[in-house]
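Colleague: A structural model of the following input is requested.
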Amino acid sequence: MPAFSNAMLEQRHDGAVLPVNGSQLAFTTDSFVVRPLIFPGGNIGDLAVNGTVNDLAMCGARPLYLSAGFILEEGLDMDTLRTVVSSMQEAAAKAAVQLVTGDTKVVDKGKGDGIFLNTSGIGVIEANVKSVIGPASVELGDVVIVSGDLGRHGIAILSVREGLEFESPVLSDTDSVWPAVEALLNAKIEIHCLRDLTRGGLATTLNEIAADRSVCIKVHEAAIPVNEVVQGACEIFGLDPLYVANEGRFAVFVPAAQADAALDVMKKVPVSEGAVRVGIVEESPGRTVVLQSRIGGNRVVDMLSGEQLPRIC
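Modeller: Here you go, the predicted structure:
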């Protein structure tokens, strides 16, 4: 950031919001190095499309166009490539975006781990977005809503890596969240902040927002939705589901007076039908996330210094 400092980069959002001829565009880019390439519920292809579409959605932007850069390892099985590309096409069609430009490079065998993908996206900020959507707009008293159960993507990846079989299969939640965001905008919900809960999960996202806004975000453990199988897997491996990555979940900050209306809207959209209210923004202690446990005690939820599960996206 010191090398490239500018006003748009300083937004520190999931994408940059750019003024163009009286309109506002959102622009984002992301790289995907997930291992394994194919996992329960998805693969690197639909993950790349959904991840970029969701970054645009978090800016309040309707996703329109994508690019794709493929870095392929010499000797990659062509059936694997076809599977990935087919999934990208299906995900793009579902998200109503077009892949309009791209590039392919091949690296020596042993230098690329199969496929690395980069996708960039452009979207247009909807006319009914009246203010900046981001941490700077978060206010005291705002309610925090998450769009569904947490941790499935990270555990789906881990299950393949460790050769685990659960009583019920754990599928990645990879999906486009734009339909839920669009529904909130169309309902004229006053959205203060949107963040997708990818690497670092809910805990990291809330810590970043609390630090940016110098507020305390208090969340209730009993309200946080976690699938029983995911919870059990986290206990086996010593993971905290609050930090486990998601690829089809987001958090939204709205005024308390509109929280019930926002929940009603989200529950009518398939990708966010499991939406729940999990917390509230308070004044102190500033720059802190506090978890109220099921038995009533409080503990500070810190920012992780590293990643629990590397290469999950």
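Colleague: hey, let's count contacts and neighbours off CA atoms from now on
Modeller: OK.
Colleague: Run through the helices of this structure in chain order.
Modeller: Counting by DSSP state H, the segments of the chain that form helices are 44-57, 78-95, 152-162, 178-186, 201-213, 228-237, 259-267.
Colleague: buried residues in the longest one?
Modeller: When burial is assessed from 16 or more other C-alpha atoms under 10 Å, helix 78-95 yields the following buried residues: Leu81, Val84, Val85, Ser87, Met88, Gln89, Ala91, Ala92, Ala95.
Colleague: thinking again about what came up before, for the helices of the chain, could you give me a markdown table that also reports mean pLDDT and distance to Pro19?
Modeller: As requested, the helices of the chain are arranged in a markdown table below (pLDDT from 0 to 100; distance: least, C-alpha to C-alpha, whole Å):
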| stretch | mean pLDDT | distance to Pro19 |
| --- | --- | --- |
| helix 44-57 | 98 | 15 |
| helix 78-95 | 98 | 24 |
| helix 152-162 | 94 | 34 |
| helix 178-186 | 97 | 20 |
| helix 201-213 | 96 | 23 |
| helix 228-237 | 93 | 42 |
| helix 259-267 | 98 | 28 |
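Colleague: Of all the ones you listed, which one comes closest to Val170?
Modeller: With C-alpha to C-alpha as the criterion, Val170 lies closest to helix 152-162 of the helices of the chain, at 5.5 Å.
Colleague: What lies in contact with the closest one?
Modeller: 35-36, 39-41, 165, 170-174, 227, 230, 233-234, 244-247, 309, 312 (C-alpha atoms under 8 Å, 6 or more residues apart in numbering).
Colleague: Kindly recompute the last result at 7 Å.
Modeller: Helix 152-162 has contacts (C-alpha atoms under 7 Å, 6 or more residues apart in numbering) with 39-40, 165, 170-173, 230, 244-247, 312.
Colleague: remind me which residues of the chain are low pLDDT?
Modeller: Low-confidence segments of the chain (pLDDT under 70): 130, 307.
Colleague: residue contacts, Asp46?
Modeller: Contacts of Asp46 (C-alpha under 7 Å, 6+ apart): Ser87, Met88, Ala91.
Colleague: and of those residues, the nearest to Phe70?
Modeller: Met88 (12.1 Å).
Colleague: correct me, but that closest one touches Asn43?
Modeller: No - using C-alpha atoms under 7 Å, Met88 is not in contact with Asn43, being 9.0 Å away.
Colleague: Dump the buried residues of helix 78-95 to TSV, plus distance to Gly112.
Modeller: Compiled in TSV, the buried residues of helix 78-95 are given as follows (distance: C-alpha to C-alpha, whole Å):
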residue	distance to Gly112
Leu81	14
Val84	16
Val85	17
Ser87	20
Met88	20
Gln89	23
Ala91	24
Ala92	25
Ala95	29
